[in-house]
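> This is the structure alone, sequence omitted:
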């Protein structure tokens, strides 16, 4: 099975099989949000990045990953409603732990009625079975926006794997062609571009795979040549 990084609303799941994890991507809802299911291949623990919409479809995705309605954690990348419309329904069925960036947590709870069990800050880690994901705060799209970074092991065997390669789930903070919307606010724009530059581009290699909150995937190498142009254009 070839992973493409491109999905359509109502279309099939895109599945990437790596040594330690499987990554499933679907597009849901009227704003074509990308939701990602990360499954630990050893322990079958599962983490959902953004319970964005269409809860029945997301629950089917969970069952596809583990063969049961087992979901250990939901990470909401930021507080905007299109990224948590299905949160209450998904958590009601699965009992998953709810996590979100500290600065966005209260608004997510107010909008969904779902308590955030754990607030996330830059440098925290989230476990999926025996797999570790690093939390990277990317402030600007919202104050509490977070990304998750997974690194492949140094010894790999699956065909689609690269030793030590990073995979980053960026929510609405980084897309092909630029950073997320900062509402025309120069301070927010500068903060987000600075965080994206110093916390992703300066720390991670060009083969780092980027899984955004909408649209197709990209890599840091594909986007790196345009950082100066993004700053010059101001959005």
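All right, it came through fine. On a predicted model such as this, the values are computed, not experimentally measured, just so you know. Numbering: from 1, shown residues only.
> Relative to residue 41, how far out is the closest residue to residue 43 other than its chain neighbours?
Counting by CB to CB, 6 or more residues apart in numbering, the nearest residue to residue 43 once its immediate chain neighbours are dropped is residue 129, at 3.4 Å. Using the backbone N, CA and C atoms, a C-beta is placed for each residue, glycine as well. Applying CB to CB, to the nearest Å, the value for residue 129 to residue 41 is 8 Å.
> before we move on, back to that, burial of the residue nearest to residue 43, as a residue count?
Burial of residue 129 is recorded as 18 neighbouring residues (other CB atoms under 10 Å).
> now do residue 7
21.
> With the one 3 residues further on instead?
Taking other CB under 10 Å as the neighbour definition, residue 10 ends up with a count of 10.
> Need the nearest residue in space to residue 6, chain neighbours excluded.
Here the residue nearest residue 6, using CB to CB, 6+ apart, is residue 216, at 4.5 Å.
> got the contact list for that neighbour?
Each residue near residue 216 by CB atoms under 8 Å, 6 or more residues apart in numbering is listed here: 5-6, 176.
> is it possible to export these to TSV including pLDDT, neighbour count and secondary structure?
Shown next, in TSV, are the contacts of residue 216 (pLDDT from 0 to 100; neighbours: other CB atoms under 10 Å; DSSP: H, G, I helix; E, B strand; the rest coil):
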residue	pLDDT	neighbour count	secondary structure
5	94	19	coil
6	92	13	coil
176	98	15	coil
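> Can I get those in CSV including distance to residue 235?
As requested, those are exported to CSV (distance: CB to CB, whole Å):
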residue, distance to residue 235
5, 24
6, 24
176, 15
